[in-house]
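Undergrad: sequence unavailable; structure follows:
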């Protein structure tokens, strides 16, 4: 496996996905397309994947948690 090449591919893919999502109107991303208990629209899915990845990475301290759909620092 070529690590630098794979990393560059993932960076480009993330950049392209983000640019695409930014160009889509909010009402389209908010449409209830998913039948999940917690995930109802594309915005929910993207947020779930992004926050899950951030909280699982070693760079995010454990004092940060998802609160009401936002990443927040725990005061406890």
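TA: Happy to help now that I have it. Given the structure is predicted, the values throughout are model-derived calculations rather than measurements.

Undergrad: where do the helices of this protein begin and end?
TA: Assigned by DSSP state H, the chain shows helices spanning 3-23, 26-29, 42-56.

Undergrad: of all those, which lies closest to residue 35?
TA: Proximity to residue 35, assessed across the helices of the chain by CB to CB, is greatest for helix 42-56 (11.8 Å). For the C-beta atoms, the positions are set from N, CA and C on the backbone; glycine is no exception.

Undergrad: I'd like the average pLDDT over that closest one.
TA: The predicted model assigns helix 42-56 a mean pLDDT of 73.

Undergrad: same question for stretch 17-28.
TA: Mean predicted lDDT for stretch 17-28 stands at 90.

Undergrad: run through who's touching it.
TA: 29, 42, 43, 46 (CB atoms under 8 Å, 6 or more residues apart in numbering).

Undergrad: endpoints of stretch 28-44, how far apart?
TA: 12 Å (CA to CA, to the nearest Å).

Undergrad: any buried residues in that stretch, and which?
TA: Judged by neighbour count using 16 or more other CB atoms under 10 Å, the buried positions of stretch 28-44 are 39, 41, 42, 43, 44.
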